[in-house]
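Trainee: Show me how the following folds:
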Amino acid sequence: LEPAFVEDVLESVLPAGEERLPWARCDLGADRDDVRRMCAESVHRPAGWSVVVAAALRMLLVEMTRAVTAGTGTPTGSTGAAVPGATSPGLRDAVRYVERHFREPLTLARVAGVAHLSPQWFSEQFRATTGSSFQGYLKNRRLQFARALLDATDLSVTDVCHASGFNDPSYFGRAYRARYGQAPSAQRR
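Mentor: Numbering: from 1, shown residues only. All right, here's what the predicted structure looks like:
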């Protein structure tokens, strides 16, 4: 799936100025069937599979956006996209950037550039605003996404690791156990 497709859908359904993003929900609930269908279509690739996947993804993003903007989505706690108390538009933009690009390799310097701040000052402001270091926030966001993938898909743990933005399956396993108290493979049991 192309990130540009997701960005286009989000821009078309998110109200202007909305800080929370659809994937700020912990649980996909009824949306799991849509995710499973997208996975099955992607694996088996019958005629028209890409159209079905795009349509299902568009529906999923719209439903998740409706739930979050209506206030019915489950908040994520310390990794939610809404940043209460963030008075700096640059800092809000940086957190939103992280929320939209957490699966990509991100550096403190790159995200500080989005906020138009020096990396050191950005790091201090980020911690003061979110209560977490930049790296801790990024890791928790990736782990939350990984947990949702493990719950909703049949992807292998290695595939979930890479889809979530982690490069090293061993590190992913240790971080997952530290955060959730169990191995990623145990999440499905």
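Trainee: mind showing which ranges of this protein have poor pLDDT?
Mentor: For the chain, the stretches with pLDDT under 70 are 1-4, 14-32, 68-87, 189.
Trainee: would you list every one of the helices in it?
Mentor: For the chain, helices defined by DSSP state H occupy the ranges 3-13, 32-44, 49-69, 89-101, 108-115, 119-130, 134-152, 157-163, 169-180.
Trainee: The shortest one: which residues count as buried?
Mentor: By that I understand helix 157-163. Within helix 157-163, the residues that count as buried by 16 or more other Cβ atoms under 10 Å are 157, 160-162. For the C-beta atoms, the positions are set from N, CA and C on the backbone; glycine is no exception.
Trainee: Tell me the helices and strands packed up against it.
Mentor: helix 134-152, helix 169-180 (3 or more Cβ pairs under 8 Å, 6 or more residues apart in numbering; DSSP states H and E).
Trainee: Mind listing residues that contact it?
Mentor: Defining contact as Cβ atoms under 8 Å, 6 or more residues apart in numbering, one finds that helix 157-163 is touched by 103, 145-146, 149-150, 153, 155, 168-169, 172-173, 184-185.
Trainee: so which of the residues you listed is the most crowded?
Mentor: residue 146 (26 neighbours; other Cβ atoms under 10 Å).
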